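When you get a sec, could you give me coordinates for this:
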Amino acid sequence: RAVEQRLYPSGYRRVSRVIDRDKTGMSLTAVLTSQQQLNSGENIMKTFKKTSLATLLSATALLSAGSVIANEDPVKLGLMLPYSGTYTALGEAITNGLKLAIEQEGGQLGGRDVEYVELDSEADPSKAPQNMSRLVNGDEVDFVIGPVHSGVAMGMLRVAKQTGAITIIPNAGLGAATNELCMPNVFRTSFSMWQDSYPMGKVAYDQGHRKIVTITWDYAGGKEDLAGFEEAFTAEGGEIVEQILVPFPSTEFQSYLTQIASLEPDAVYTFFAGGGGVSFVRDYASAGLKESIPLLGSGFLTEGNLAALGDAGEGVMTTLHYAETLENDANQSFVSAYENAYGELPDTYAVQGYDTGMMLVQALSVLGGDTSNQERLIDVLANVQLASPRGPLSFSDSHHPIQNVYLREIRDGKHEVVRIAHENLEVPDEACQM
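Numbers count the residues shown, from 1 in each chain. Here you go, the predicted model:
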């Protein structure tokens, strides 16, 4: 059985409960069929320089019966995610997706039960080193999964380097995590800001746009996002006529919209998220710009905000590595199972949690649940290939996802996929010295 422990900062209290699996028993036939096709070579994304997964499988099969893991202790997963505050919904969605993947395997990883140790990160970077140290040194978890916030990721990475703890990032888009700050024990199952914005640069140029205004909050994540778009757009021959940086986290956009109207660009590219995204899209439409100056953005502009956007969102185009309307067997099965389990449709955050779970399912299946040899465990994780709800997913040498990025348009309140904006996109990682 799977046991959950939630750790609260106040008094570090734990609450344990057995997780109900009644609603999550979904057949994985479609997913496994897609996985077999992927492994057979129909969707091979990259020739790895590392040892192949098949070789690792064979090597594992040669283990003598005496060396098979005798440890019946549960696999301990330390979840360092926000369970309070602004990003609560993201933390819960990632957790739900992760647990769904593991519950579909009977609540086990490699034949071992699973114990969840959930620690509320509070999205507070100042508490990140201490919180991760609690999970690694105090609770002695086998894996740390988190965070959502890139500032928290910086603190976690310091502890990951000091302790060697295997860390899987299911959201934070900090590019350095799988580039300048890469390390063998750190993986990402999400994205980087560059990866989701870069494809929109070529899309914009191909749509006939030549002069564009970009706008975001004046903080690292927004700037990284704009940099990806601007790199691709200017490489095609486009011109950024103005880059507007709004003080974070202000949502007073009227003066900037007036400025945009006066510049008369061909289109606007933006990165805002959450409530800021809702406010910008609504204000943009109210200012009368929507019909004359197309609005483009990173997918996080509208992700999770469709209901709040209403008619103002119709026609807005974004690029992201997932859309709930993707027509592949894995996604259709996942959406059905998630809705049945949790009573709501999944979003990108839920998919990232789900793929983290499936990554662990595949790796520990190969190893028969043995987590004692970290070097071998890391090698198997690095060679995981998934037929994910988001499409084919594998990992680069820096442990970043190689994945499709989709062009999406809001139509009738849904993210409809227009086409693949960039297939099997790999992020720049030249600074990774791993």
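
ok, and for stretch 104-112, which residues are buried?
Of the residues in stretch 104-112, those with enough neighbours to count as buried (16 or more other CB atoms under 10 Å) are 104-105, 107-112. Where you see a C-beta, it was placed from the backbone N, CA and C, and this is true even at glycine.

again with stretch 371-388
Applying a neighbour-count criterion of 16+ other CB under 10 Å, one finds 371, 376-388 buried in stretch 371-388.

Helices along the chain, start to end?
Counting by DSSP state H, residue ranges of the helices within the chain are 29-40, 53-61, 88-103, 128-133, 150-163, 193-206, 220-236, 254-263, 274-286, 306-309, 329-342, 348-366, 374-382.

Quick check: which of those has the most neighbours on average?
Greatest average neighbour count among these goes to helix 348-366 (a mean of 26), per mean count of other CB atoms under 10 Å.

so how far is that helix off the chain centroid?
Using CA atoms, centre = their mean, to the nearest Å, the distance from the centre of helix 348-366 to the centre of the chain it belongs to is 11 Å.

Mind giving me the packing neighbours of it?
Counting contacts by 3 or more CB pairs under 8 Å, 6 or more residues apart in numbering; DSSP states H and E, helix 348-366 is packed against helix 53-61, strand 75-81, helix 88-103, strand 108-109, strand 167-169, helix 329-342, helix 374-382, strand 386-388.

can you list these in CSV and add mean pLDDT and distance to residue 319?
What follows is those, written out as CSV (pLDDT from 0 to 100; distance: least, CB to CB, whole Å):
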stretch, mean pLDDT, distance to residue 319
helix 53-61, 49, 29
strand 75-81, 98, 25
helix 88-103, 96, 19
strand 108-109, 98, 33
strand 167-169, 98, 20
helix 329-342, 98, 17
helix 374-382, 98, 27
strand 386-388, 98, 17
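
which stretches of the stretch 101-250 of the chain have low pLDDT?
Along the stretch 101-250 of the chain, no part satisfies pLDDT under 70.

any idea how far residue 175 is from the closest residue in space to residue 376 that isn't next to it in sequence?
Here the nearest residue to residue 376 in space, its sequence neighbours aside, is residue 367; by CB to CB, 6 or more residues apart in numbering that works out to 7.1 Å. Computed with CB to CB, to the nearest Å, the distance linking residue 367 and residue 175 is 30 Å.

so who does residue 128 touch?
The contact partners of residue 128, by CB atoms under 8 Å, 6 or more residues apart in numbering, come to 80, 121, 147, 151-156, 159.

in the protein, which residue is closest to the centre?
Nearest to the geometric centre of the chain sits residue 190, at 2.3 Å (CA atoms, centre = their mean).

for that one, phi and psi?
The phi and psi torsions at residue 190 (degrees, to the nearest 10) take the values phi -120, psi -100.

Return the distance of it relative to residue 250.
Between residue 190 and residue 250 the distance is 26 Å, computed by CB to CB.

Based on its surroundings, how many neighbours for the closest residue to residue 153 other than its chain neighbours?
Spatially, and ignoring its direct neighbours in sequence, residue 153 is nearest to residue 172 (4.0 Å; CB to CB, 6+ apart). The local packing of residue 172 (other CB atoms under 10 Å) involves 23 other residues.

ok, now how distant is residue 172 from residue 145?
For residue 172, the distance to residue 145 - CB to CB - is 11 Å.

Check residue 358 too.
13 Å.

returning to what we had before: and residue 428, which of the helices of the chain is closest to it?
Closest to residue 428 of those is helix 193-206 (CB to CB; 7.1 Å).

now the closest one against helix 220-236, angle please.
40 degrees (axes from the mean of the first three to the mean of the last three CA atoms, to 10 degrees).

Output the contacting helices and strands for helix 193-206.
Of the remaining helices and strands, those touching helix 193-206 by 3+ CB pairs under 8 Å, 6+ apart are helix 220-236, strand 267-271, strand 295-298, strand 317-320, strand 401-411, strand 414-425.

circling back to that earlier point, I'd like a version of the buried residues of stretch 371-388 in a markdown table, one that adds distance to residue 87 as further columns.
A markdown table is the format used below for those (distance: CB to CB, whole Å):
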| residue | distance to residue 87 |
| --- | --- |
| 371 | 29 |
| 376 | 34 |
| 377 | 29 |
| 378 | 28 |
| 379 | 33 |
| 380 | 31 |
| 381 | 26 |
| 382 | 28 |
| 383 | 31 |
| 384 | 27 |
| 385 | 30 |
| 386 | 25 |
| 387 | 29 |
| 388 | 23 |
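
ok, of those, which one's closest to residue 210?
The closest of the buried residues of stretch 371-388 to residue 210 turns out to be residue 388 (CB to CB; 35.7 Å).

pretty sure that closest one contacts residue 326?
No. Distance between residue 388 and residue 326: 9.8 Å, which falls outside the contact criterion (CB atoms under 8 Å).

hey, what's in contact with both of the two?
With CB under 8 Å, 6+ apart as the test, residue 388 and residue 326 reach no residue in common.

Check residue 33 and give its pLDDT.
With respect to pLDDT, residue 33 has a value of 33.

Any figure for the gap between residue 206 and residue 252?
According to CB to CB, residue 206 and residue 252 sit 33 Å apart.

For the helices of the chain, give me CSV that also has distance to residue 423.
Shown next, in CSV, are these (distance: least, CB to CB, whole Å):
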stretch, distance to residue 423
helix 29-40, 14
helix 53-61, 21
helix 88-103, 24
helix 128-133, 35
helix 150-163, 26
helix 193-206, 10
helix 220-236, 15
helix 254-263, 32
helix 274-286, 26
helix 306-309, 25
helix 329-342, 16
helix 348-366, 18
helix 374-382, 21
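
just so I know, which of those lies nearest residue 409?
Residue 409 lies closest, by CB to CB, to one member of the helices of the chain: helix 193-206, at 11.0 Å.

So what angle separates the directions of that closest one and helix 150-163?
Between the axis of helix 193-206 and that of helix 150-163 there is an angle of 130 degrees, by the same axes, to 10 degrees.

Relative to the whole chain's centre, how far out is helix 193-206?
18 Å.

Same question for stretch 110-124.
Stretch 110-124 sits 17 Å away from the centroid of its parent chain (CA atoms, centre = their mean).

One more: stretch 347-364?
Once both centres are worked out by CA atoms, centre = their mean, stretch 347-364 turns out to sit 9 Å from its chain's centre.

Report the rounded mean pLDDT for it.
Here the mean pLDDT over stretch 347-364 is 97, rounded to a whole number.

Could you list which residues are in contact with residue 326?
Applying CB under 8 Å, 6+ apart, the residues near residue 326 are 389-391, 406, 417.
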